[in-house]
Structure formats: structure tokens, C-alpha cells
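# model this:
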Amino acid sequence: MAKIKIVINGFGRIGRLVTRVALQRDDIEIVAINDPNINAKYMIYMFKYDSVHGKWKHQHELKLKDDKTILFGDHPIRVFEGRDPSYLPLEELQAEYVVEASGCMTDYARAAAHMQFGARKVVITAPSIDAPMFVVGVNEKDYTPDLKVVSNASCAINCLAPLAKVIHEKFGIVEGLMTTVHSMAGGVQKVVDAHCQKEWRIGRAAGRNIIPSSNTARNDIDLDLSAVGKVLPALDGKLKGMAFCIPTVDVSVVDLTVRLEKQASYEEIKNAIKTESEGSLKGILGYTDDDVVSTDFLGDNRSSIFDAKAGIALNDNFVKLVSWYDNEWAYSTRVIDLICHMASVSQDESSQAANS
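Numbering: from 1, shown residues only. All right, here's what the predicted structure looks like:
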């Protein structure tokens with residue numbers, strides 16, 4: 001299969017890390033990056049040096065060719081600084097997919113504007129109120145080629161959904177509560193106390209406080225939890241959640257407390273998760289019984305790593321399960337995985353049409 005040509009729209013945390021993931025793959029070609037707030041020279045600097053994930057150490061460096069072009073080795077990547085999709089010559093670039101990582105175009109209509117100017121498909125890097133949501137390892141097989149704009153849900157849902165899928169399929173979830181203990185989010189939280197009309201507590205200094213919140217990263221937790229019902233319809237309305245924003249820079253953890261339909265010991269639950277982590281969900285769901293802490297998962301590309309020692313059971317119907325996730329790197333990896341899956345499905349349909 002030919003390389004999949006993508007454009008990154010928005011060069012913030014997720015945009016830059018999706019770029020890092022993509023540039024280490026042989027099946028992806030980045031043809032352009034757009035961000036109205038960053039010029040090409042500054043893009044290279046922000047890409048090369050990362051306070052969380054370290055300096056870029058790939059064999060090919062990013063270099064400045066001119067103020068409109070970055071070179072990855074010998075491969076040119078066009079740079080744009082437009083605020084409107086019309087600014088991007090997607091048809092000229094032959095861009096197949098737009099990674100919509102600006103945070104400003106999370107609904108279907110706004111994201112679909114990219115298609116008016118040449119994009120074939122758009123993947124939103126946030127939960128969407130009306131675009132179909134997919135979580136790799138959970139419901140990506142429901143994707144069909146007629147879907148033009150999709151959402152990769154959120155980092156928290158990418159952690160929660162694989163775990164919830166296993167538990168519900170094996171034991172049945174009657175109801176539950178989810179808490180995500182989430183690292184600081186630069187797009188929303190403040191370095192020092194400042195105004196935040198949407199949620200006053202989020203305006204307090206991020207590095208100084210543990211902040212209870214209805215927000216995880218950039219997205220309302222109610223929207224976040226509604227995504228579970230979209231990717232796992234059987235759990236629609238059965239889960240509710242909140243977040244604690246904590247003063248760490250990366251890696252978060254989901255606490256899922258559920259009442260089970262079928263009785264199961266904690267040992268049986270652990271075994272079920274371990275089996276799936278080594279089978280159908282390998283590479284998506286992980287399992288550990290080591291004495292780990294958050295920094296042990298920095299750079300881990302699995303969506304959800306179940307911590308066998310951190311969970312507890314009140315009885316055989318009521319359990320608390322704990323799962324870690326690198327909310328930046330794992331999520332960015334899933335964005336590319338979802339694009340590759342979409343491209344594969346589209347290619348399969350084209351092949352079938354050609355042979356019919």
C-alpha cells in the first residue's frame with residue numbers, strides 16, 4: 001500500500017506528538033503542517049525539544065529549507081499559518097487525511113470544512129458532540145468508508161474503553177463511576193491563578209494544586225463519558241465520571257469502580273484482563289503486577305495498562321480497577337493507528353469494487 005498522505009492542523013501537544021509518531025512510521029507521509037501561531041523555524045524548535053518526551057533522536061533531523069518548508073531528511077513538509085481551512089491547498093497537496101488537532105474544530109460541520117478544499121477524511125483529536133467516535137481495540141471495526149469525519153475520542157476514553165469492554169463482556173457492568181487522575185493540561189489550566197469562567201477551580205495554579213474538575217484536559221467530562229456509550233453502546237448511561245487535575249506533566253490514571261452483574265473474585269478479574277492483554281487486545285491493553293508509579297509509563301504507547309496491585313474488591317460484585325495511560329504518547333499513537341485502519345478499510349472496499 002502506498003504511503004498515506006496526511007496534514008497536521010494544529011501543532012500543539014497532540015499535533016506535535018502525532019507528528020513524532022508519524023515520522024517514525026513507513027506507511028505515513030506528512031505533506032503539510034498548519035498552525036496560525038507558529039512559523040516554520042519555531043515549529044522545528046518545538047518539535048525537536050520536548051520537556052516531557054525528550055529531544056528528537058531519529059536518524060533524520062528536521063531542518064529549515066525556507067520559511068514555508070521543513071525538511072525531514074530529504075522529504076519536504078509544507079508549512080502554513082492559516083486560521084481557516086480555505087487557506088490549505090489540500091487538493092494540491094494530495095492530502096488524504098487531515099489530523100484536526102487545533103482544538104477549535106471538534107464538531108462535524110467545522111471539521112468537515114477541510115473536505116471542501118480537498119481532504120478525503122478528517123480525524124478529530126478530541127471527543128466530538130456529533131462526529132462518530134472510534135477507539136482502536138474497541139469499536140474500530142464498525143468504521144465504514146462512507147464516514148468522512150470521525151473522532152479519536154479522548155485519551156481518558158482510550159484508556160477506559162478497552163478495560164470496560166473486557167469487564168463488561170466477561171462479567172457484565174451494571175453501573176459504575178470513573179475518576180481520571182489527569183496530568184496538567186496546558187490548553188486549559190493556568191500556571192498561576194487566573195480567570196476561568198467555565199470552571200472557576202480550573203483557573204487556580206496547576207502546579208500548586210490538586211483540582212477536582214468536570215474537565216479532563218480540553219474536554220467536558222460529561223461529553224467524555226458519553227463517548228463510552230458511543231463506542232460501547234451496551235454501557236450507554238451506565239457510567240458517570242469526574243477528574244482530578246494533578247501537578248504532573250504527563251501520564252494519567254483511570255479509576256473505574258463498578259458493580260458487576262456476574263460474581264467474580266478479584267483474581268478472576270485479573271486473569272481475564274491479563275488474558276485479553278496477551279490476546280485480542282495486545283498492544284492496546286496492558287497488564288502489570290509490578291510496584292509501578294506514573295513515570296514508569298512515560299512513552300508507553302499502549303492505551304491502557306491495568307495495575308493488578310492497585311485495585312481492590314469490596315466483594316464479588318463490587319470492584320475498583322486502576323489503569324494507567326500516557327495521555328499524550330499513547331493517544332497520539334492511536335490517532336495514527338486509526339488513520340491506518342481507515343485507509344485499510346477503504347482500500348479493501350476499492351479492491352472489492354474492482355474485482356466485482
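# can you give me the helices for the stretch 1-150 of the chain?
13-23, 40-48, 90-93, 108-112 (DSSP state H, counting those that start in this stretch).
# Run through the neighbouring helices and strands of the second one.
Judged by 3 or more Cβ pairs under 8 Å, 6 or more residues apart in numbering; DSSP states H and E, helix 40-48 is in contact with helix 13-23, strand 62-66, strand 69-72. Every C-beta, even on glycine, is put in place using the N, C-alpha and C of the backbone.
# angle of the first one against helix 40-48?
Helix 13-23 and helix 40-48 meet at an angle of 80 degrees, taking axes from the mean of the first three to the mean of the last three Cα atoms, to 10 degrees as the criterion.
# and helix 13-23, what does it pack onto?
So helix 13-23, by 3+ Cβ pairs under 8 Å, 6+ apart, packs with strand 4-9, strand 28-34, helix 40-48, helix 329-355.
# what pairs with E100 across the strands?
N9, I124 (DSSP bridges).
# contacting residues for it?
Going by Cβ atoms under 8 Å, 6 or more residues apart in numbering, E100 touches N9, G10, T106, A111, H114, V122, V123, I124, T125.
# Going by neighbour count, which of these comes out on top?
T125 (30 neighbours; other Cβ atoms under 10 Å).
# and whichever strand or helix holds T180, how far from the chain's centre?
Element membership for T180 (DSSP states H and E) is strand 173-183. In terms of Cα atoms, centre = their mean, to the nearest Å, the centre of strand 173-183 is set 17 Å apart from its chain centre.
# Likewise for stretch 106-115?
Its chain's C-alpha centre and that of stretch 106-115 lie 18 Å apart, by Cα atoms, centre = their mean.
# who's in contact with that stretch?
Residues from elsewhere that reach stretch 106-115 (Cβ under 8 Å, 6+ apart): 9, 85-86, 88, 90, 98, 100, 104-105, 121-122, 124, 126-131, 148-149, 151.
# Can you give me the pLDDT of T275?
At T275, the model reports a pLDDT of 98.
# That one: how many residues sit nearby?
14.
# D255 now?
18.
# Just list the residues touching it, thanks.
M178, T179, T180, V181, K320, L321, V322.
# Recalculate using a threshold of 7 Å.
Residues near D255 by Cβ atoms under 7 Å, 6 or more residues apart in numbering: M178, T179, V181, K320, V322.
# And for K238?
Taking Cβ under 7 Å, 6+ apart as the test, what K238 contacts is I173, E175, G176.
# and it, how far is that from L177?
To L177, K238 is 10 Å away according to Cβ to Cβ, to the nearest Å.
# E276 too?
The gap separating E276 from L177 is 22 Å, by Cβ to Cβ.
# I'd say A310 and V322 touch.
Yes: using Cβ atoms under 7 Å, A310 is in contact with V322, at 3.8 Å.
# Among these two, which residue is more densely surrounded?
Taking neighbours as other Cβ under 10 Å, A310 and V322 compare with V322 leading, 20 against 17.
# In a strand, that one, correct?
Yes: counting by DSSP: H, G, I helix; E, B strand; the rest coil, one finds V322 located in a strand.
# for it, what are its contacts?
By Cβ under 7 Å, 6+ apart, V322 lies in contact with V253, D255, D307, A310, G311.
# Is it possible to get JSON lines of these that adds secondary structure, distance to S213 and pLDDT?
Below are those laid out as JSON lines (DSSP: H, G, I helix; E, B strand; the rest coil; distance: Cβ to Cβ, whole Å; pLDDT from 0 to 100):
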{"residue": "V253", "secondary structure": "strand", "distance to S213": "15", "pLDDT": "97"}
{"residue": "D255", "secondary structure": "strand", "distance to S213": "14", "pLDDT": "97"}
{"residue": "D307", "secondary structure": "strand", "distance to S213": "22", "pLDDT": "98"}
{"residue": "A310", "secondary structure": "coil", "distance to S213": "22", "pLDDT": "98"}
{"residue": "G311", "secondary structure": "coil", "distance to S213": "23", "pLDDT": "98"}
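# related to what we said a few turns ago, with L281 as the reference, name the closest of the helices and strands packed on helix 40-48.
helix 13-23 (19.6 Å; Cβ to Cβ).
# measure the closest residue to G172 other than its chain neighbours to A234 for me?
Distances taken as Cβ to Cβ, 6 or more residues apart in numbering put E261 closest to G172, at 2.9 Å, once the chain neighbours are dropped. According to Cβ to Cβ, E261 stands 11 Å off from A234.
# residue ranges with poor pLDDT in the protein?
In the prediction, the chain carries residues with pLDDT under 70 at positions 1, 215-226, 348-356.
# switch the cut-off to 80
Along the chain, the parts satisfying pLDDT under 80 run over 1, 59, 186-187, 214-227, 348-356.
# hey, what's M242 bridged with?
Beta-bridge partners for M242, by DSSP bridges, are T179.
# correct me, but it touches T179?
Yes: at 5.7 Å, M242 counts as touching T179 under the criterion of Cβ under 7 Å.
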